[in-house]
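Enquirer: What follows is a predicted protein model with its sequence.
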Amino acid sequence: MGSVTFDVEAVRAAYPALRDGYAYLDGAAGTQLPEVVIDTVAAAARAGIGNAGGAFPASHRASAITSGCRQAVADLVGGVPDGVILGPNMTTLTYRLAGALAATWRPGDEVVVSRLDHDANVRPWIQAAARAGVTVLWADVDISTGELPAAQYDSLLSDRTRLVAVTAASNILGTRPHVAAISRAAHSVDALTYIDGVHATPHTPVDVRTLGADFYATSAYKWSGPHIGAVIADPALLETLHPDKLASSPDAVPERFELGTPAYADLAGVTAAVDHLASLGGEHYGTRRARLLDSMTAVQEYEGRLFTDLLGGLEAMEHVTLYGKAPSRTATAYFNVAGHTPADVAAYLAGRGVNVWNGHNYAWELTGALGIRDSGGAVRAGLVHYNDRSEVDRLLTGVAELADVR
Ligand SMILES: Cc1ncc(COP(=O)(O)O)c(C=O)c1O
């Protein structure tokens, strides 16, 4: 109901940080906060927050903030609130889940990781596997395209496979593997899937069931929220796992996976961020889940158009080498400029008011496979919903100038 539109000027006006004059093309590293999220975090603190589980109103507010946040994250990815584990960030939660899952593994079992992934969805599994006597198998990237062919999983999987960890999108090349097909293959041998949705979530509608994600990890600071991570799973699956925890802390699911006292005010901000994402498609109606799907579809289309301009501009420059050309990808460009280190390019662009990242960006295996990890990686320009054409032009102008800078 209602019509879905995408008005980038209205979106940009919601973000106070964008008024500092810089082009924030560093969204893949972390996004800025809209005013409504900043205000919601401040309002939660101002209203008074107690520890959850007490008899007084400030404590009730903490409980309501937490359950509201679980519902919001569930709406964002198509999960259920009782399956939403909240924590400080994806890396911390993934180590936590790796420990809990590894306790169910036996020597000789196998896990499959990929060279497309951010190291946060690789190293926790390798380290847990080493402690449990479990074999690690690798899914490889086609370096000429940046794709992670799903067909290779048929030969990587066996009746000993317990887990397949794979990203829904590469944080440097943007590649979006065929996660649903990989999950189908994993499930055919009764393995679980751990899908890293940190880079994918801000760029596309997400449905954990369509992806076949037994676990789906995301981080709110990549989609206009505070620094909070979440892992979403079926509560029935979580019931089967028993992470290390205090004797005195709740044993219920999902609380049993959450350590210590949460950042309540930030959790309120996460809910505001989800509501903000649901509003990005303009004036449209329906459940928050339905609005999120419409809005994120509009975001994906908008970013796609902007990315075509960005890629076209970079491809036209002879002094630029671009990495990755997967047909399905987010609006994330990774490139090098002849005669300049990635760090120099980022510094030059910063001087032109353009924020980009340089380095391996924790895509440790992938930059190693590309042969650029030890030489400083490359430059990453990542578009999100609040970027506009003038920012893309500013980046392209700066990179073009570098042809004449020695
Ligand atoms: C694809 C991807 N996975 C995982 C992470 C780690 O997320 P967090 O900072 O929440 O631990 C990042 C962060 O950049 C990422 O881009």
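Expert: Structure received. Numbers count the residues shown, from 1 in each chain.

Enquirer: Only C-alpha atoms from now on, for both contacts and neighbour counts.
Expert: Will do.

Enquirer: Which parts of the protein are strands?
Expert: 23-24, 84-87, 110-114, 135-139, 161-167, 192-196, 215-219, 229-233, 320-322, 332-337, 354-355, 357-359, 378-382 (DSSP state E).

Enquirer: which residues touch the last one?
Expert: It refers to strand 378-382. 25-28, 172, 331-336, 341-343, 345-346, 356-360, 372 (C-alpha atoms under 8 Å, 6 or more residues apart in numbering).

Enquirer: 6 Å instead?
Expert: Applying C-alpha atoms under 6 Å, 6 or more residues apart in numbering, the set of residues contacting strand 378-382 from outside is 25-28, 332-336, 342, 356-359.

Enquirer: Closest one of the residues you listed to the ligand?
Expert: Nearest to the ligand among the contacts of strand 378-382 is residue 28, at 6.4 Å by C-alpha to the nearest ligand atom.

Enquirer: Which residue is the nearest non-sequential neighbour of residue 359?
Expert: In this structure, residue 359 finds its nearest non-sequential neighbour in residue 377, 4.3 Å apart by C-alpha to C-alpha, 6 or more residues apart in numbering.

Enquirer: okay, now that neighbour: neighbour count?
Expert: 25 (other C-alpha atoms under 10 Å).

Enquirer: Do I have it right that it meets residue 361?
Expert: No - with contact defined as C-alpha atoms under 6 Å, residue 377 does not count as touching residue 361 (8.1 Å).

Enquirer: near the ligand, which residues of the stretch 151-300 of the chain show up?
Expert: Within reach of the ligand by C-alpha under 6 Å from any ligand atom, the stretch 151-300 of the chain has these residues: 170-171, 196, 198-199, 219, 229.

Enquirer: In TSV: those residues, plus neighbour count and pLDDT.
Expert: Below are those laid out as TSV (neighbours: other C-alpha atoms under 10 Å; pLDDT from 0 to 100):
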residue	neighbour count	pLDDT
170	28	98
171	27	98
196	27	99
198	26	98
199	28	98
219	28	98
229	25	98
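
Enquirer: Put together JSON lines for those residues, with distance to residue 44 on each row.
Expert: JSON lines is the format used below for those (distance: C-alpha to C-alpha, whole Å):
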{"residue": "170", "distance to residue 44": "34"}
{"residue": "171", "distance to residue 44": "32"}
{"residue": "196", "distance to residue 44": "30"}
{"residue": "198", "distance to residue 44": "26"}
{"residue": "199", "distance to residue 44": "28"}
{"residue": "219", "distance to residue 44": "20"}
{"residue": "229", "distance to residue 44": "19"}
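
Enquirer: and of those residues, the nearest to residue 387?
Expert: Residue 387 lies nearest to residue 199 out of those, by C-alpha to C-alpha, at 16.4 Å.

Enquirer: Spit out the contact partners of residue 112.
Expert: 136-138, 164.

Enquirer: What separation is there between it and residue 242?
Expert: 22 Å (C-alpha to C-alpha, to the nearest Å).

Enquirer: of the contacts of residue 112, closest to the ligand?
Expert: The shortest approach to the ligand among the contacts of residue 112 belongs to residue 164, at 15.2 Å (C-alpha to the nearest ligand atom).
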